[in-house]
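Enquirer: Sequence plus the predicted model coming up.
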Amino acid sequence: MIVIPTGTDAPIYHWPYATVGLIVVNVALLFAVPAQSTTPELDENDEVIENVQNVSNFDRYALALGDGRLHPIQWVTHNFLHFGLGHLSGNMLFLWAFGIVVEGKLGAVKYLLLYLAIGTLHGAFVQTLLVRSGMDTHAAGASAVVYGLLAVCMIWAPRNELNCTAILLVGFRVLVYQWDFYYTTVALLYVGQEIFWLIVGGAVGGKLMLTEMGHLSGAFWGAVLAVAMLKANLVDCEQWDLFTIWSRWRKLGRDWKKRGEQLERQKESLRSSLKANFRAKSSKADVEAEDTGPSRQERAAAAVKHVGWLIEKRNIPAALRAYQKSASAMPGWPPQGELYDLIKAFQAQGALVDSIPLLREHCRLYPAHSTVVRLKLAQVLIRECQRPVAALRVLEEFGPGPLPGEAEAVRQKLIRQADRMREEGVIEVEGDV
């Protein structure tokens, strides 16, 4: 199967002049410095004659491994040499796919510096690691830098997609598929593959997997430099880098946990209310049959006082149950002024979510006096319950036309907050709150 990257949805703010230039340089050097091995000259004792003139340009500038010496110039030059047209083609294809994203964020100069830094750090690391290995071989190619750029894409643009065309040969049929992969997915697939073969070939097969080691070295140094530049504010990822997205997911998890706890409290309150309603209905006939006892006004005042006393004691669940029981037993209770005072008492104790039933009841019973209450209800739904859609429905109840005074400015601010939460992907479950 042949996989060809064809495009990306990542924002490109700089045309990839440097990426095109690097591809041109790599192609030119394939023909200017071909991969030719040095043929050693032997003396009469079959000893190799050390002669610099006998060393080919490819061996001079490719990364020498295991000869017991360090060659700093090779740390840079080996990244531009290739062993053949097939080796070059694969590297240049993916250099374009990843390079346009990185250069699109950095611009040509900073991109070239990053490119050379990845290749140089990789070359220095691998040559130093294998300097005493006795391998007596050479490494070359841009693949380590390409893997480094892939790691940069994963950190800077994890949720952007790489568009790929896959060509699959089955017998005499050619099957063509179009796939879109997140850069995170591409990085995990390719890096995971290199780790797998490094383990299989090294631990199981007992071989030194030089290619896999080089690719992983490039990915490592690319990731290190990507994180360093991101923390130093040398690149603007528009809040879509790996760390910001991870922080956003963690915040969403905490919000969902808090939301679950709120739902449990509300369910418990609803169960208590249902039980209170059942008891109230079962005793309704007895209450109506009584000719003596306190008047309705006295019972209403006593109920308000009792709920207020429970709130002062900070027994919020009991206060809410007492309110719901009295409201079901006495239609139209409490009057507007006393209901408003109870709402303020709940919120003074920090029970903003628990005050939602009272806020809704105020809007239902006294719509003409509920401008401030309706705005407060929308605010609680947005800030405490993470319910932007429900808040927008509450604000729509005002109808067309502006609100008087500063109320209109408050409504517009709440609408903007709710719209921003919806754009950030806040998910709310219908039927609660």
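Expert: On my side now, so go ahead.
Enquirer: if I look at the closest residue to residue 9 other than its chain neighbours, how far off is residue 219?
Expert: Excluding its sequence neighbours, the residue lying closest to residue 9 (C-beta to C-beta, 6 or more residues apart in numbering) is residue 161, at 5.0 Å. All C-beta atoms are positioned from the backbone trio N, CA, C, and that covers glycine. To residue 219, residue 161 is 20 Å away according to C-beta to C-beta, to the nearest Å.
Enquirer: And the two? Which one has more around it.
Expert: Neighbour totals were compared for residue 161 and residue 219, and residue 219 leads with 26 against 18 (other C-beta atoms under 10 Å).
Enquirer: Which strand or helix spans the more buried one?
Expert: In the assignment (DSSP states H and E), residue 219 maps to helix 210-231.
Enquirer: Can you list the buried residues in that helix?
Expert: Residues of helix 210-231 classed as buried: 210, 212-223, 225-227, 229-230 (neighbour count, 16 or more other C-beta atoms under 10 Å).
Enquirer: for stretch 93-100, same thing?
Expert: Buried residues in stretch 93-100, counted by 16+ other C-beta under 10 Å: 94, 95, 96, 97, 98, 99, 100.
Enquirer: tell me which element the last one falls in.
Expert: Under the assignment given by DSSP H and E, the secondary-structure element containing residue 100 is helix 85-106.
Enquirer: Contacts for the helix or strand following that helix, please.
Expert: Next helix or strand after helix 85-106 toward the C-terminus (DSSP H and E): helix 108-129. Residues from elsewhere that reach helix 108-129 (C-beta atoms under 8 Å, 6 or more residues apart in numbering): 14, 17-19, 22, 63-65, 70-72, 74-76, 78-79, 99, 102-103, 106, 139, 142, 144-145, 148-149, 152, 213-214, 217-218, 221-222, 224-225, 229, 234-235.
Enquirer: buried subset of those?
Expert: Applying 16+ other C-beta under 10 Å to those flags 14, 18-19, 22, 63-65, 71, 74-75, 78-79, 99, 102-103, 106, 139, 142, 144-145, 148-149, 152, 213-214, 217-218, 221-222, 225, 229, 235 as buried.
Enquirer: picking that back up, counting contacts, what elements does the helix holding residue 100 pack onto?
Expert: strand 2-8, helix 17-32, helix 108-129, helix 143-156 (3 or more C-beta pairs under 8 Å, 6 or more residues apart in numbering; DSSP states H and E).
Enquirer: chain center to it, what's the gap?
Expert: When C-alpha coordinates are averaged (C-alpha atoms, centre = their mean, to the nearest Å), helix 85-106 and its chain have centres 25 Å apart.
Enquirer: how much does it deviate in direction from helix 17-32?
Expert: Taking axes from the mean of the first three to the mean of the last three C-alpha atoms, to 10 degrees, one finds helix 85-106 and helix 17-32 inclined to each other by 160 degrees.
Enquirer: Good, we can wrap up now.
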